[in-house]
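*Asks:* missing the sequence, but the structure's below:
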């Protein structure tokens, strides 16, 4: 499994509109083969921050999705990207949830 996690920085006045405008990208991602989860949300404490979390079955699924989002200039509104990608080799529940 591939996990992409981090945040974007935007102008405070644009943050909530950006999250709303991201709905079409979230819908597209969630309907794409291999997408396990895709979320874009406003940070409750920082008015410039939008949190991003993606989970994909494989790197190939993630790469196939990249570049397929709406070409409406939404990415141009992002001032900074702070995203990391992780490969999860084995996922286990914490022992207290077994």
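*Replies:* Arrived safely, thanks for sending. Worth saying up front: this structure is predicted, and the values here are computed from it rather than measured.

*Asks:* do a quick rundown of the helices in the chain.
*Replies:* 15-21, 23-30, 59-65 (DSSP state H).

*Asks:* can you tell me what sits against the last one?
*Replies:* If you take C-beta atoms under 8 Å, 6 or more residues apart in numbering as the criterion, helix 59-65 is touched by 2, 4, 29, 32, 33, 34, 35, 54, 56, 85, 87. (Glycine included, C-beta is placed from N, CA and C.)

*Asks:* what's the average pLDDT for that helix?
*Replies:* Averaging pLDDT along helix 59-65 gives 93.

*Asks:* how about that helix: buried residues?
*Replies:* 61, 62, 65 (16 or more other C-beta atoms under 10 Å).

*Asks:* any idea how far residue 88 is from the second one?
*Replies:* When distance is defined by C-beta to C-beta, to the nearest Å, residue 62 is 12 Å away from residue 88.

*Asks:* quickly list what's touching both of these two.
*Replies:* residue 2.

*Asks:* could you report the pLDDT at residue 97?
*Replies:* 67.

*Asks:* no no, residue 91
*Replies:* What the model reports as pLDDT for residue 91 is 70.

*Asks:* go on, residue 94?
*Replies:* 77.

*Asks:* ok, residue 36 next?
*Replies:* Listed pLDDT for residue 36 reads 97.

*Asks:* any low-confidence regions in this structure?
*Replies:* 68-72, 97-98 (pLDDT under 70).

*Asks:* strands of that one, start to end?
*Replies:* Taking DSSP state E as the criterion, the chain carries its strands at 2-9, 35-42, 49-56, 80-87.
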